[in-house]
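*Asks:* got a sequence here, can you model it:
(2 chains)
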Amino acid sequence: MNDNHKKVVTRFAPSPTGFMHVGNVRSALFAYLWTRKNKGTYILRIEDTDKVREVPGSIEHIIESLEWLGIDWDEGMVVGGPHAPYKQSDRLDLYNKYAQKLIEKGLAYPDPYTNEEVESFRKKAEEEKRAFLFREHRPEKFDVWDGTKPLRFKVPEIKSYSWHDEVFGDLSAGPEALDDFILIKSDGYPTYNFAHIVDDIEMGITLVMRGQEYISSTPRYLSVYESMGIKPPLYACLPHIMATEGNKKMGKRDGAKDLLEYRAEGYLPEAMINFLALIGWNPGTEQEVFSKQELIDAFDLKKIQNAGGGFNDEKLDWLNKEHIKKMNYEDQEEMITKFLSEKIKNLPQFSIERLHNIVPIVIDRIKKFGEVTEMCEAGELDFFFSVPNVDPVKLIWKKSDKENTILNLNKIKEILNEISNDNFTLENIKEKIMAFADALGDRGSVLHPMRFSLTGLERSPDPFTVASVLGKNETLSRIEVVVGILK
RNA sequence: GGCCCUAUCGUCUAACGGUUAGGACGGAUCCUUUUCAAGGAUUAAAUCAGAGUUCGAUUCUCUGUAGGGUCACCA
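*Replies:* Numbering: from 1, shown residues only, chains lettered A, B, ... in the order given. Okay, here's the model as predicted:
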C-alpha cells in the first residue's frame, strides 16, 4: 500500500520508429535521474508492436544515443535481466495470456465490424461534433475470438476516474475518457495501450514517467488495472518540450533533431543533459550548471514544472560552453583533435606541440567543438596552420604610415631576435615588445602591424600569444616576408 | 466539437497568501584591450483579463481568453 517504501523501478520504453530527439530523451532522462536518486532499477524496454512504422536500425540508434548521454540502464536491451526478453515483439505469448484472462472474465471481445464500418461510426461522431466512442457500438453478444479480428477491451464500468499524478497533482476525467480500445490487433500484436500495462506489471514498474499526452488515456489504463484487480503504478506525466516556432509539441516534424546530430556538432553530453533537465525542472536554487551527479542529487519530481517549455538553442550553447570550460586540458585537446580536419593534420605547419599551445585560444572562441573544423581550416585561427596573405594596406596602423611601419617591424624583429629560442615565451615577448611600444608612446603602431603580419587578420588573438605559439623562427620569417612586401 | 492540461520578463524559470516579483540565457551600455575572443560591472524587460475570498492574491475559487494534448488495428 505504501509505495514510498517500495524500491523504485522505472523504465524508458521507446518505439523503434526512428531516431531519438529531445522529446524522447527528456522522458528517458527524468526517469533516469529519479531512479538513480532513489537507488532504483532503470529498465530499457523496446515497444515494437507497430511493425508498419518500425524503422530498421532504430534500436541501435536509441542505444547509441543513451550511451552517449551517459544514461545507463540496469535491465533491458543488451544487458538482459530477470524479465527478459525486453523487446515486446518477443513477448507476444505473454500478452495473449493476459488477453485470455480478460476473455474468460467476459472483459474482452472480438471487434465484429469491418474497417469501413468503424470508419463510418467515427465519421458520424465527428459530424455530430462528439468524441468517437467505440463502446457505443459494442455488440450485444460476443463472438469467439479467433485472432483474425482485433480484440477489444470491454470497459467494465462507465464512470469517472480521478487519480494522482506526481507532477500534475490530482487529475480527473469523465466517462467520455473510457472506451473499448483494442488490446490485440488483427496482426496478432498488442497495442501500446495493452502491452505496456502487461509489461509494467510483469516488470514491477513502480513509477511510469511519460509525456503529458498520456494523461487523457490514463483512465483507460486505470480501468484495465481495476478489472484485473492490480494496483496501478504511480504516474508522473511530463510537460512537453515545445518547438521554438509555433508553440507546438516538439516532434520530428517540427524540426526536432536527431540527438546524435548534437554529438556531431560538438555538444557535450553533460551539457545536453543539463540543458534538458532545466526545461521543465528547476531545483529552486540559482544554480544553472550541473554535472550529471549534481542533477541526480538535486532532482525532485515535485519540482517539475507543469507547463510546456521551449527549446532555446542559445542557452544550450551557453551551457555547452560552461561545460567545455570545466573540462580538463587533456580532454579539451582530445575533443579539438577529433574535430580537426585531416587536411589540417597533414599540413607541414601542424604539430602536436602547436595544437597543444592553441587549445586555450580555441576554447575561448567556441561554443561547440564543431566550430573547430572551420575555424582552424579557413576561419579566424587558420593562420596557425598556414602562412597568411597579408594585405599591405590594412597592415599599416591608421595613425601611422608605411615608413614608420617598416621601421617598427624591423625594430620588432630586432627585439625578438634577441630573445633566445628557449625563452621565446608569451611573457618574455610581451614584456619586451610592450616596453618598446610604450617607449614610443603609440602601442597601436607597434602591436597592430606585428599582429597583422603574423595573422593577416583585422581581428585575431594578441600578437604575443600568436608569436609564442608560432615560435621564434616562424614569427621572424613572417615579419620578414611582410617587410619585403611593404618595400 | 467532447474530454483533459496549462498560463510570471523575448526564452528557461524562482517566489509557506505579505518580496523593491529573484536568477539564468539573449539584448543594451560601460570597463579591460592595438583588434578579436574571454572576463568584469551596470541596465531594460514579466505575474493573460475580469470578478470573488482575504486586512492583504503571482499564489486560493469562478468566468472568460489564449495555447497545448487527446478522441488510431500510433506509441
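*Asks:* quick check: phi and psi on the residue of chain A most remote from its centre?
*Replies:* Of all residues in chain A, A:Glu403 sits farthest from the chain's C-alpha centroid, using CA atoms, centre = their mean; the distance is 56.5 Å. Backbone torsions for A:Glu403, taken as degrees, to the nearest 10, come to phi -60, psi -50.
*Asks:* same deal with A:Asp258?
*Replies:* phi -60, psi 130.
*Asks:* coming back round to it: state the distance from the residue farthest from the centre of chain A to RNA strand B.
*Replies:* Noted for A:Glu403: a distance of 19 Å to RNA strand B, by CB to the nearest atom of the strand, to the nearest Å. All C-beta spots, glycine's among them, are computed from the backbone N, C-alpha and C.
*Asks:* kindly report the same for A:Leu222.
*Replies:* Here the criterion is CB to the nearest atom of the strand. By it, A:Leu222 lies 13 Å from RNA strand B.
*Asks:* repeat that for A:Gly471.
*Replies:* When distances are taken as CB to the nearest atom of the strand, A:Gly471 and RNA strand B turn out to be 18 Å apart.
*Asks:* A:Pro232 too?
*Replies:* Summarising the geometry, the distance separating A:Pro232 from RNA strand B, computed by CB to the nearest atom of the strand, is 16 Å.
*Asks:* so that residue, which of the three states?
*Replies:* The three-state label for A:Pro232, taken from DSSP: H, G, I helix; E, B strand; the rest coil, comes out as coil.
*Asks:* all strands of the stretch 351-487 of chain A, in order?
*Replies:* With DSSP state E, counting those that start in this stretch as the criterion, the stretch 351-487 of chain A has no strands.
*Asks:* which parts of it sit against RNA strand B?
*Replies:* Among all residues of the stretch 351-487 of chain A, those adjacent to RNA strand B (criterion: CB under 7 Å from any atom of the strand) are A:364-365, A:380, A:443-444, A:447-448, A:451, A:458-464.
*Asks:* list the contacts of the residue nearest to A:Asn404 when sequence neighbours are not counted.
*Replies:* In space, not counting the residues next to it along the chain, A:Asn404 is nearest to A:Ser445; the distance is 6.3 Å by CB to CB, 6 or more residues apart in numbering. A:Ser445 sits next to A:Trp397, A:Lys399, A:Ser400, A:Asn404, A:Thr405, A:Asn408, A:Ala437 when contact means CB atoms under 8 Å, 6 or more residues apart in numbering.
*Asks:* and the last one, how far from A:Ile43?
*Replies:* Plainly put, A:Ala437 is 66 Å away from A:Ile43 if you go by CB to CB, to the nearest Å.
*Asks:* who has more neighbours, those two?
*Replies:* Relative neighbour count places A:Ile43 above the other of A:Ala437 and A:Ile43, with 26 against 19, counting by other CB atoms under 10 Å.
*Asks:* who does that one bridge with?
*Replies:* Going by DSSP bridges, A:Ile43 is paired in beta bridges with A:Arg11, A:Glu75.
*Asks:* can you give me the helices in the stretch 351-487 of chain A?
*Replies:* Secondary structure of the stretch 351-487 of chain A (DSSP state H, counting those that start in this stretch): helices located at A:352-365, A:370-378, A:392-395, A:402-418, A:426-440, A:444-455, A:463-470, A:472-486.
*Asks:* which among those is found nearest to A:Leu94?
*Replies:* Closest approach to A:Leu94 among those (CB to CB): helix A:370-378, 44.8 Å.
*Asks:* pLDDT (mean, whole number) over the closest one?
*Replies:* Model confidence over helix A:370-378, given as mean pLDDT, is 94.
*Asks:* could you check the angle helix A:352-365 makes with it?
*Replies:* Angle between the axes of helix A:370-378 and helix A:352-365 is 120 degrees (criterion: axes from the mean of the first three to the mean of the last three CA atoms, to 10 degrees).
*Asks:* so how far is helix A:370-378 from its chain's centroid?
*Replies:* With CA atoms, centre = their mean, to the nearest Å as the basis, the distance from the averaged C-alpha position of helix A:370-378 to the chain average is 23 Å.
*Asks:* equivalent analysis for stretch A:129-141, please.
*Replies:* When distances are taken as CA atoms, centre = their mean, stretch A:129-141 is centred 42 Å away from the chain's centroid.
*Asks:* mind telling me which of the helices of the stretch 351-487 of chain A the model trusts least?
*Replies:* Out of these, the stretch the model trusts least by mean pLDDT is helix A:392-395, with a mean of 90.
*Asks:* counting by contacts, list what it packs against.
*Replies:* Helices and strands in packing contact with helix A:392-395 are listed as helix A:444-455, helix A:472-486; criterion 3 or more CB pairs under 8 Å, 6 or more residues apart in numbering; DSSP states H and E.
*Asks:* now do the buried residues in the first one.
*Replies:* Same thing as helix A:444-455. Residues of helix A:444-455 classed as buried under the neighbour-count rule (16 or more other CB atoms under 10 Å) are A:Ser445, A:Val446, A:Leu447, A:His448, A:Pro449, A:Met450, A:Arg451, A:Phe452, A:Ser453, A:Leu454, A:Thr455.
*Asks:* looking at those, which one is closest to A:Thr373?
*Replies:* Distances from the buried residues of helix A:444-455 to A:Thr373 were compared by CB to CB; the smallest belongs to A:Thr455, at 19.1 Å.
*Asks:* leaving out sequence neighbours, find the closest residue to that closest one.
*Replies:* Nearest in space to A:Thr455, with sequence neighbours left out and distances taken as CB to CB, 6+ apart, is A:Phe383 at 4.4 Å.
*Asks:* then A:Ala236?
*Replies:* With CB to CB, 6+ apart as the criterion, A:Ala236 has its nearest non-adjacent residue at 3.9 Å, and that residue is A:Glu166.
*Asks:* tally of neighbours for that neighbour?
*Replies:* Per other CB under 10 Å, the neighbour tally for A:Glu166 reads 16.
*Asks:* now do the domain split for chain A, please.
*Replies:* For chain A, the domain assignment from automatic domain parsing gives the residue ranges A:91-238, A:328-380, A:392-486.
*Asks:* measure the longest one end to end?
*Replies:* This means domain A:91-238. The straight-line separation of the ends of domain A:91-238 (CA to CA, to the nearest Å) is 28 Å.
*Asks:* nothing else from me, thank you.
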